[in-house]
Structure formats: C-alpha cells, structure tokens
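>>> just to be clear, the model below is a prediction. Sequence and coordinates:
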Amino acid sequence: MISSVKSLRCLSGVAALICFLVLYFHIHEAQLPRHLELRQAIKLGSSRRSIVWRVDELPETSHDPLNRLRTIEYGPFDGSVPQEVSVNEPFTVHFTCLNDTLCPESFAALIVGPAQHVFTTSHNASQVEKQHTFQIAEPGTYKVYLWPHFGTICAKYFNTPDPWYERLATGSPFTLHVTGGHPVRVTSSACRNTDDILDGRWVHTADLHMSELAQLGFDPYETYIRQDRAQLAPYIWLPYTCHVQHRSMYSHLARLKAKHILFLGDSVVRDPFCQFIYEPTSLVLLVMLALAGIINGRRSKSQFAMAIHQKMRNCCLLS
C-alpha cells in the first residue's frame, strides 16, 4: 500500500515536470529577439548568407558599459574616431585632455560590434593629446567607448565628491563603420598551440553563420536560438588561423589528473557551474524543489532542502 502511494506521488511529480517544461519552452520560443528570429528563418541550407549585427539595435547604448546602473556621463576629456574605414585599414583613435591638470596616464577603449576589442594605450601623463592606431578585420557597425586610464595615480582621486575620473570622453559612444568583404571566421584547421589560440578576437555569435556555430561544436538551434541560452554567451573567442576544438564539461573533467576539484566563487557563479556538470538533472531538481514547496507548504530553505531530499530518496527507492 505504501509502495503504491509513493509510486502515485512520483508519477504526479513527473507529470507536473512535463507540463512545466512544455509551458517553459513555449513561452521562451514565443519571445525570440529579432536577430534570433532572422537567424532561425535562414536555416543551415543558406548558411552562406551572412547575418550582420547592427549595434544600433542593441539596447542600453546610452548606459555606461562598465556600470549598467548609470547612464553615460562625460568628464573633462574629448575624443575622436573616424566614421568609416575599410577592413584591416589602420585608423587612429584620439583622446584629448580638456584640463591639463587632470590628464590621465593613458586612455582605454572598448569597441563593440560584430567583434569586440579592448585596448589601453602606453603611459604618457604629460601628453595632453593621446592617440592609438588600430585596425579591425570584421566588417560591420561598431560603437567605440573611450575612458581615461589613470593607472597608479587613480588612488588619490578616490575621496573626490564628484567622480569625474570615472566618466567617458565626450562623444562616446562613437559610431564606426568598417566596410569590406566578409572574411572567413571559422577555419577548418584545429589549433595546436597556445600562440595560435591567443592570436584572435571576440566575435559576436549573432554575426556568425549557423554552419559556423555547428562547426565550433554548438547546436545552433538548441544552444543559440533559444533566448535564455543566447544571452549566456553573446561573444565567443575565435582565433584568426584556427579554431578551438569544442569540449564538453565532461571531457574537460576527464582530462584533469586531479581527483578533487576546488571551485572558487559565489552563488552567482556556482549555479551555472553546477548546471553545466549536472545539466540533465538541474532542471528536474528545480521543479521538484518547487513541487516540494507547493505540496507541503514549506517556505524556509532548510525545509525545502529536506523535502526535496526525501522525494528524491523515495523515487530512488522505487527505481
């Protein structure tokens, strides 16, 4: 009699889990962003057609990329970036101090678009107008953000009531159009050494062909079309002359010689880490935890944990 009651409880839990999953995926598939809907419509058969990511369509371009909680504010600095350059054409980024006494040692730049680039210039505090020459291999529209970089002298400004040293150069973000042919992003040869891997750049996944995503080991429909997972990896690292072979979390663990792994991080990082390792069961545990609270009316974390442990134990005994 007890065994049949436990069986019914487990079956009801499984049925509730299936209903939850169907409803969850249905809601997320109905809310795909515009660029994901476009990529889903192209299909693998027409992978030669490139999908150009327009940065103008990115949300929150008026917010500071280093602090999304505040809008962009400008300090006593000015900057300039050319409006249009060709692929691999060297161009110069200028940064000017509007107050000689508040001139930083150098300046930093964040370039966001089909690829993402970051650079910090060499130190020269006495130079009022600073510049840096750069080039981009991926065509498209970019946003360029410029900041002062004070380096070791930044500490003396920490107690300043007005944090002007955290503000951007006037004009940020600048719009930069890179024109030219669409280069080959993913090569067929695998990387064989660290130098080849480090010679690369961050590329936006929305600007890759679906076949290229598949070549990298990702399922373009299951992994990147879904809205919830697409936001986990907007940029991926791609070397210029090779590609890093895809490995799962299990293959990484198999390559480790250590028998014990020490994980350092808070609860925010822990949850994705556990999801990658125990992905088949993570969602099941979440649903069972919710069911435990709904069925038993328990609210504290300890009671939830005891309830889910007991339910898992019951189902394991039945199996």
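Nice, thanks for sending it over. As the structure is a computational prediction, the values presented were derived from the model and not from experiment.
>>> ok, then the element right after the worst-scoring helix or strand of the chain on mean pLDDT?
When the helices and strands of the chain are compared on mean pLDDT, DSSP states H and E, helix 34-42 comes out lowest with a mean of 35. Downstream of helix 34-42, the next assigned helix or strand under DSSP states H and E is strand 63-64.
>>> parallel or antiparallel, which strands does that next one pair with?
Looking at strand 63-64 with DSSP bridges, its partner strands are strand 67-71 (antiparallel).
>>> so for the strand it pairs with, mean pLDDT?
In this model, strand 67-71 has an average pLDDT of 75.
>>> which residues touch that strand?
60, 62-64, 166 (C-beta atoms under 8 Å, 6 or more residues apart in numbering). (Each C-beta comes from the backbone N, C-alpha and C, glycine too.)
>>> export it as CSV, just CAs?
The C-alpha coordinates for strand 67-71 follow below in CSV (Å, rounded to 0.1, in the frame of the first residue of the first chain):
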residue,chain,number,x,y,z
ASN,A,67,28.3,50.3,-14.9
ARG,A,68,24.9,49.4,-16.4
LEU,A,69,23.2,51.1,-13.4
ARG,A,70,24.1,54.6,-14.7
THR,A,71,23.8,56.5,-17.9
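>>> so that it lines up with my notes, have the first residue be 55 from now on.
From this message on, residue numbering opens at 55, which makes the last subject strand 121-125.
>>> follow-up on the earlier one: quick one: buried ones out of the contacts of strand 121-125?
Neighbour counting over the contacts of strand 121-125 (16 or more other C-beta atoms under 10 Å) leaves 118, 220 as the buried ones.
>>> where does Asp249 sit, in terms of helix or strand?
Using DSSP H and E, Asp249 sits in helix 248-252.
>>> against which helices or strands is that helix packed?
strand 289-293 (3 or more C-beta pairs under 8 Å, 6 or more residues apart in numbering; DSSP states H and E).
>>> what's the strand it packs on packed up against?
Applying 3+ C-beta pairs under 8 Å, 6+ apart, one finds that strand 289-293 contacts helix 248-252, strand 254-258.
>>> just to revisit the earlier point, in CSV: the contacts of strand 121-125, plus distance to Glu183 and pLDDT.
Shown next, in CSV, are those (distance: C-beta to C-beta, whole Å; pLDDT from 0 to 100):
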residue, distance to Glu183, pLDDT
Glu114, 30, 48
Ser116, 27, 77
His117, 28, 78
Asp118, 24, 78
Glu220, 21, 80
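>>> of the contacts of strand 121-125, which pair is most distant in space?
Distances among the contacts of strand 121-125 were taken as C-beta to C-beta; the most separated pair is Glu114 and Glu220, at 17.6 Å.
>>> what strands line up against the strand ranked longest in the chain, and which way round?
In the chain, with assignment by DSSP state E, the single longest strand is strand 194-203. Sheet pairing of strand 194-203 (DSSP bridges) gives strand 160-166 (antiparallel), strand 228-233 (antiparallel).
>>> that one versus strand 254-258: what angle between them?
Between strand 194-203 and strand 254-258, the angle formed by their directions is 120 degrees, by axes from the mean of the first three to the mean of the last three C-alpha atoms, to 10 degrees.
>>> send the alpha carbons of strand 194-203 over as CSV?
What follows is strand 194-203 as a C-alpha-only set of coordinates in CSV (Å, rounded to 0.1, in the frame of the first residue of the first chain):
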residue,chain,number,x,y,z
GLY,A,194,30.1,46.0,-39.7
THR,A,195,28.9,48.8,-37.5
TYR,A,196,30.7,49.4,-34.2
LYS,A,197,30.3,51.5,-31.1
VAL,A,198,33.5,52.9,-29.6
TYR,A,199,33.7,53.9,-25.9
LEU,A,200,36.7,55.9,-24.5
TRP,A,201,37.8,56.3,-20.9
PRO,A,202,40.7,57.9,-19.1
HIS,A,203,43.1,55.5,-17.5
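>>> buried ones in that strand?
194-203.
>>> what's the answer for stretch 159-174, then?
Buried residues in stretch 159-174, counted by 16+ other C-beta under 10 Å: 159-171.
>>> pull the most distant pair out of those residues.
With C-beta to C-beta as the measure, no two of the buried residues of stretch 159-174 lie farther apart than Glu159 and Pro168, at 30.8 Å.
>>> now the end-to-end length of stretch 200-213.
End-to-end distance of stretch 200-213 (C-alpha to C-alpha, to the nearest Å): 23 Å.
>>> swap in stretch 207-227?
Chord length of stretch 207-227, first to last residue, is 26 Å (C-alpha to C-alpha).
>>> how about that stretch: buried residues?
Per 16+ other C-beta under 10 Å, stretch 207-227 contains these buried residues: 218-223, 225-227.
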